[in-house]
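Visitor: My questions concern the predicted model and sequence given below.
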Amino acid sequence: MSKVLVQTIRNIKKREKLLVTPAIEDWLASPAGALLGLETEEDYDLLKRLAMASKDNSKRTGRFGSSARGTCQRRQVFGYLGVPVSSMMDPRLQNIFNDGVFRHIRWQLMGMKAGVFTDVEYRVGLPDWRLGISMDAIDDRVPFVFELKGTSMNISSMRHTENIPYNHVLQTHTYLFVTGWDLAIYLPENKSSQDWQEVHIRRDEKIIKAIKKELNELNGAVDDEILPTIQPECSKKKGDYKECPYARQCLAQAAKGDPWPDDGQWAGN
């Protein structure tokens, strides 16, 4: 048997195991694929809902989200409390953010039209944990949660869970924690080529335990009204400080001895 035929058979078997990619590829290759998923009035209503969801998702006050898992706890508490951001968004960073918004909308439309998603921007929360999240998409028939990421990395190196950024593994496991499901489909798409890689992430109870531990610490900070300790690098205006939206308030609050804010009055405003 030739090497080409062997590889072809392997590709077919691999494709059969995938849950999202085959249907998306078939849809893109059809005449409907040229219509961007916008064929009916209902499609345009969905587009409007997705655009509004992006705006709503930017509001972090009063909840802990999923994408911040594993990041600075002080920053997460600032977001929960609604601390004003330090400055306007850098134009380049805003353009990157906007690119991500429309990438998600494109995939959400495709997935709904191809029949692989049953809902998009699926919102769910666990009030006892002060946790509120919105998942890119779900299929409650399998079931699985879907997480899309735009990346400049070589996606061929991201075929296995161990090669995925750990904070993304934490994010998808936050979805599994909330839903109680066992499967997350993680799909990185290369920003330059639009090639993508479908990766199946299976529930790992050790990771779920780590997520619970972090959420317990965050909720403890809110319950006890004690701000998490500032990172050493941030106190020197280095490291994460440079890209933190709460950088100015963080240092100013630390300089005052980190008192819990009274009626939303923050140092550095």
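Guide: Okay, I see it.
Visitor: Now residue 53: closest residue in space, sequence neighbours ignored.
Guide: In this structure, residue 53 finds its nearest non-sequential neighbour in residue 121, 4.1 Å apart by CB to CB, 6 or more residues apart in numbering. Heads up, the C-betas are built off the backbone N, CA and C, glycines and all.
Visitor: Confirm that that neighbour sits in a strand.
Guide: Yes - assessed with DSSP: H, G, I helix; E, B strand; the rest coil, residue 121 lies in a strand.
Visitor: quick one: contacts for it?
Guide: 49-50, 53, 57, 108, 134-137 (CB atoms under 8 Å, 6 or more residues apart in numbering).
Visitor: any idea how far it is from residue 146?
Guide: 11 Å (CB to CB, to the nearest Å).
Visitor: between the two, what contacts are shared?
Guide: With CB under 8 Å, 6+ apart, residue 121 and residue 146 have common neighbours 135-137.
Visitor: Quick one: residues contacting the residue most central in space within the chain.
Guide: Centroid check for the chain by CA atoms, centre = their mean gives residue 67 as the closest residue, at 4.5 Å. Residue 67 makes contacts with residue 171, as judged by CB under 8 Å, 6+ apart.
Visitor: And the contacts of residue 121, which is the shakiest by pLDDT?
Guide: Least confident entry in the contacts of residue 121, by pLDDT: residue 57, with 65.
Visitor: Now do residue 257: how many residues are near it, please.
Guide: Neighbour count for residue 257, taken as other CB atoms under 10 Å: 6.
Visitor: Can I take it that it is in a strand?
Guide: No - Residue 257 is assigned coil when assessed by three-state DSSP, not a strand.
Visitor: Export only the CA atoms of the helix or strand in which residue 218 is found, formatted as CSV.
Guide: If you go by DSSP states H and E, residue 218 is part of helix 205-224. C-alpha atoms of helix 205-224 as CSV (Å, rounded to 0.1, in the frame of the first residue of the first chain):
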residue,chain,number,x,y,z
GLU,A,205,-10.9,16.1,38.2
LYS,A,206,-7.5,17.4,39.4
ILE,A,207,-8.0,20.5,37.3
ILE,A,208,-11.6,20.9,38.5
LYS,A,209,-10.2,20.8,42.1
ALA,A,210,-7.6,23.5,41.2
ILE,A,211,-10.4,25.7,39.8
LYS,A,212,-12.5,25.2,43.0
LYS,A,213,-9.5,26.2,45.1
GLU,A,214,-8.9,29.4,43.1
LEU,A,215,-12.6,30.3,43.3
ASN,A,216,-12.6,29.7,47.0
GLU,A,217,-9.7,32.1,47.4
LEU,A,218,-11.4,34.7,45.3
ASN,A,219,-14.7,34.4,47.2
GLY,A,220,-12.8,34.5,50.5
ALA,A,221,-11.3,37.8,49.5
VAL,A,222,-14.7,39.3,48.8
ASP,A,223,-16.3,37.8,51.9
ASP,A,224,-13.5,39.0,54.2
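Visitor: Cheers, nothing more for now.
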